[in-house]
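Student: next come a sequence and a model predicted from it.
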Amino acid sequence: MPGVEETTSWGQPTLKAHGKLWVWWSPHEDAPVFKVPFEEREILVEAEPETFFFTPHYKSHALVLVRPAKLDLAWAKANLIRVWRAQAPKRVLKAYDAEQQG
């Protein structure tokens with residue numbers, strides 16, 4: 001996707017979208033970290049605690065960790081697209097949408 005770059009943060013592989021953290025690996029939890037609204041995080045953790053969780057370190061951030069063995073690729077893709085769109089400058093989003101429509 002436009003504006004996505006692979007980099008490192010805290011010595012770990014990270015993807016940034018439009019210069020902002022997009023998704024990364026938590027070495028302490030050995031799990032990927034995804035951005036989600038707080039309300040969604042609460043629903044995910046309550047509905048699927050064997051899949052989604054957060055630790056005290058992440059409690060005050062709109063983030064959720066996912067147990068790698070339980071990661072649903074369709075959920076991850078939808079989440080990443082949604083976060084990418086939310087972080088995209090309007091001009092990038094407009095060009096991307098126009099390209100997708102053909």
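Tutor: Everything's here; your move.

Student: how far out from the middle of the chain is stretch 72-88?
Tutor: 6 Å (CA atoms, centre = their mean, to the nearest Å).

Student: stretch 55-72 now?
Tutor: In this view, stretch 55-72 has its centroid 10 Å away from the chain centroid, taken as CA atoms, centre = their mean.

Student: dump the residue contacts of the residue nearest to residue 38 when sequence neighbours are not counted.
Tutor: Leaving out its chain neighbours, the residue that sits closest to residue 38 by CB to CB, 6 or more residues apart in numbering is residue 62, at 5.2 Å. All C-beta atoms are positioned from the backbone trio N, CA, C, and that covers glycine. Neighbouring residues of residue 62 by CB atoms under 8 Å, 6 or more residues apart in numbering: 35, 36, 37, 38, 41.

Student: roughly how far does residue 62 sit from residue 35?
Tutor: 6 Å (CB to CB, to the nearest Å).

Student: now the contacts of residue 62: which count as buried?
Tutor: 35, 36, 41 (16 or more other CB atoms under 10 Å).

Student: now, which of those sits nearest residue 80?
Tutor: residue 35 (9.0 Å; CB to CB).

Student: show me what contacts the closest one?
Tutor: Contacts for residue 35 (CB under 8 Å, 6+ apart) come out as 21, 22, 23, 62, 63, 79, 83.

Student: how does it look with 6 Å?
Tutor: For residue 35, the contact set (CB atoms under 6 Å, 6 or more residues apart in numbering) comprises 63, 83.
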